[in-house]
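> Predicted structure and sequence below. I'll ask about it afterward.
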Amino acid sequence: MTDGTAVVYSAAGRSRFLPAADVLWVGPALPACAIPGASGVYEGVDLDGPAVAVRIDLVQALGGTARTGRTAMTVRTERGPASLRVDSAALAADPGDSPPGWEEIGALMAPLGAAVIGDGPSPAEPVLPAPETGVLVVQSGNRRVALPAGAVERVERHQGAWKPLSTGAGERVVAVDGTILPGHALGAWLEGEEAGRAAPDAAESQGWAVILRDDAGQSFAMTVDAVHGLVSVPSGQIRRLPHRDGVSVWVPDGAAGLIQMIHPARTGPVPPASGGMGADAVSAPPPDGAMGTDRGAGIAVTVGPFLCVLPAGRVREVRSGAECLWSCRHGGRIPVFDAAVMLGLPPSSPDGRKTVVVERPNQEPYGLLASAVEHRAAGAGWLPLPAVPPLVHALFQAIRPTGPSGADSSLEWLVRDEALIRPPQEPAFTALVAGALAGWLEVD
């Protein structure tokens, strides 16, 4: 917007102007995406203009009613682009009696600090970890197996599971979260059908259901005895064992050595290939491409309204259920931080939270508490952070929208996972980390 000399705008009954060359875009003030630590006049991140920019409600800052301005201007400032909510804006050859608005804008941008430049990889092209396969380790009886994480929607306590009339040994109807889904009992499939006998439905009494999706996107459920968590397996550690009737896939497991990965379907899990790890078994290279994930996939951690993505290669495991955290360090215990506190939110509730164990090169791991964890496919679209509070820059590296802009817009935040390895030398960040320490976790 360079034709003309100035853009004259009004906010809270006051008129100001900016040079037209510094106003990149004028358009409707659509809802902004929230950012951690933002409050008051700082609405969040505006993704609708020509640049990713922090949104500031200039009407509210000048004494008007919050969120009433209907126009947004994307403006070039010393601290990066900013999106200003105003009442109106128009191109003018002569600003008339309107004074310049730089003093007010500069004061509002100052608390946000300068954007981090040259610290780590380019947000537009984050460093990609080695190919990984995400698996969910589950158990029935004394048998542990792995499910492809890409097929898992969630894990829930179910409200009951019943065998319909005239169906196979493992088929069930599973009640989950107020609805019913077709499903299977893992124990009946592993023990009953393989051994030719009916297996006790221990999984149903325990009440865990893994909700999965088939190739057509339809949901179904599998009841299991226990859920041991989400694990990222380096592709080089996956083994394919040829058999006369096919190939079985095996992944490492800390408690059971190698365990088999099965591929469930609505009609039941694909039967394991006959044979086993006998003398004639041959270890073959892993298949081309990781199963269930894409190169550069991540683990998405839900913390309040924020979805924080960690590189899959840095996540050792995810502990399900409420963990018993110790108040003091002893033996092999690792520190666990409450991610909600680190983002300026109330402490997370012990009910239903997950503990994500994050690896650190040449150092001990640490844990993060979150309300939910899911596998996240890789993809393009990471954007550099706008001018946001400095502590946000210390914790996050890039952002991308989770859906189209609108009233329910939200963002994925790419975690700067080295922040706790090499924390910024800022007293505020040190105090934040210290206050977020939730306890110490026993690890193997």
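Done, it's in.
> So residue 439 sits against residue 336, correct?
Yes. Counting by Cβ atoms under 8 Å, residue 439 touches residue 336, with 5.6 Å between them. Heads up, the C-betas are built off the backbone N, CA and C, glycines and all.
> More neighbours: the two, which one.
Each of residue 439 and residue 336 has its neighbours counted (other Cβ atoms under 10 Å); residue 336 has more, 23 against 18.
> Quick one: residues contacting that one.
Each residue near residue 336 by Cβ atoms under 8 Å, 6 or more residues apart in numbering is listed here: 323, 325, 355, 366, 367, 368, 369, 437, 438, 439, 440, 441.
> How about the third one, nearest residue that isn't a chain neighbour?
In this case it means residue 355. Once flanking residues are discounted, residue 355 sits nearest to residue 319: 4.1 Å by Cβ to Cβ, 6 or more residues apart in numbering.
> What separation do you get for that neighbour and residue 76?
46 Å (Cβ to Cβ, to the nearest Å).
> ok, the two, which is more surrounded?
More neighbours surround residue 319 than the other of residue 319 and residue 76, with 21 against 15 (other Cβ under 10 Å).
> Show the pLDDT at the more buried one.
Looking at residue 319, its pLDDT stands at 82.
> what's it in contact with, if anything?
So, once contact is read as Cβ under 8 Å, 6+ apart, residue 319 ends up touching 229, 354, 355, 357, 367, 441.
> Surely the third one is in contact with residue 365?
What it means is residue 355. No. Taking Cβ under 8 Å as the definition, residue 355 is not a contact partner of residue 365, at 10.9 Å.
> who has more neighbours, those two?
Just comparing residue 355 and residue 365: by other Cβ under 10 Å the higher neighbour count belongs to residue 355, 22 against 17.
> where's that one relative to residue 102, distance?
From residue 355 over to residue 102 the distance is 48 Å, taken as Cβ to Cβ.
> Okay, now the unreliable bits of the stretch 301-444 of the chain?
321-323, 377-380, 404-408, 417-425, 444 (pLDDT under 70).
> Let me fix that, I meant to ask about the stretch 1-150 of the chain.
1-4, 114-132.
> As a check, name the ranges of all strands in it.
Here the stretch 1-150 of the chain has its strands, by DSSP state E, counting those that start in this stretch, at 6-11, 14-19, 23-28, 42-46, 53-57, 71-77, 80-86, 88-92, 132-140, 143-148.
> Now tabulate the ones you listed in JSON lines and tack on distance to residue 163.
Below are the strands of the stretch 1-150 of the chain laid out as JSON lines (distance: least, Cβ to Cβ, whole Å):
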{"stretch": "strand 6-11", "distance to residue 163": "66"}
{"stretch": "strand 14-19", "distance to residue 163": "71"}
{"stretch": "strand 23-28", "distance to residue 163": "56"}
{"stretch": "strand 42-46", "distance to residue 163": "50"}
{"stretch": "strand 53-57", "distance to residue 163": "55"}
{"stretch": "strand 71-77", "distance to residue 163": "58"}
{"stretch": "strand 80-86", "distance to residue 163": "57"}
{"stretch": "strand 88-92", "distance to residue 163": "66"}
{"stretch": "strand 132-140", "distance to residue 163": "16"}
{"stretch": "strand 143-148", "distance to residue 163": "20"}
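> do you know which of those strands lies nearest residue 350?
Closest to residue 350 of those, according to Cβ to Cβ: strand 132-140, at 22.2 Å.
> Just the CA coordinates for that closest one, please, in PDB.
Provided in PDB are the C-alpha atoms of strand 132-140 (Å, rounded to 0.1, in the frame of the first residue of the first chain):
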ATOM      1  CA  GLU A 132      10.600 -42.800  13.300                       C
ATOM      2  CA  THR A 133       7.700 -45.200  13.800                       C
ATOM      3  CA  GLY A 134       5.300 -44.300  16.500                       C
ATOM      4  CA  VAL A 135       3.700 -47.300  18.300                       C
ATOM      5  CA  LEU A 136       1.300 -47.600  21.200                       C
ATOM      6  CA  VAL A 137       2.300 -50.500  23.500                       C
ATOM      7  CA  VAL A 138      -0.700 -52.400  25.000                       C
ATOM      8  CA  GLN A 139      -1.000 -55.600  26.900                       C
ATOM      9  CA  SER A 140      -3.500 -58.500  27.400                       C
END
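> That one - contacts with which helices or strands?
Applying 3 or more Cβ pairs under 8 Å, 6 or more residues apart in numbering; DSSP states H and E, we find strand 132-140 packed against strand 143-148, helix 186-187, strand 208-213, strand 219-224, strand 226-234, strand 246-253.
> Could you tell me the least trusted of the ones you listed?
strand 226-234 (a mean of 77).
> what's in contact with that one?
With contact meaning Cβ under 8 Å, 6+ apart, strand 226-234 is reached by 130-139, 144, 146, 149, 155, 206, 208, 210, 251-253, 255, 299, 312-313, 315-320, 373, 375.
> Give the pairing partners of that strand; include direction for each.
Strand 226-234 pairs in its sheet with strand 132-140 (antiparallel), by DSSP bridges.
> ok, residue 50 - contacts?
When contacts are counted by Cβ under 8 Å, 6+ apart, residue 50 touches 24, 25, 74.
> With secondary structure and distance to residue 305 as added columns, please give the contacts of residue 319 in CSV.
Shown next, in CSV, are these (DSSP: H, G, I helix; E, B strand; the rest coil; distance: Cβ to Cβ, whole Å):
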residue, secondary structure, distance to residue 305
229, strand, 24
354, strand, 17
355, strand, 20
357, strand, 24
367, strand, 22
441, strand, 26
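> What is the nearest of these to residue 176?
residue 354 (18.4 Å).
> does that closest one really touch residue 373, like I thought?
Yes. Taking Cβ under 8 Å as the definition, residue 354 is a contact partner of residue 373 at 4.7 Å.
> which residues do those two both contact?
Counting by Cβ under 8 Å, 6+ apart, the residues touching both residue 354 and residue 373 are 301, 318.
> anything in contact with each of residue 439 and residue 336?
With Cβ under 8 Å, 6+ apart, residue 439 and residue 336 have common neighbours residue 325.
> From residue 353, how far off is the residue nearest to residue 355?
9 Å.
> Likewise for residue 414?
Here residue 414 is placed at a distance of 22 Å from residue 353 (Cβ to Cβ).
> Please apply the same query to residue 72.
Distance, residue 72 to residue 353, using Cβ to Cβ: 37 Å.
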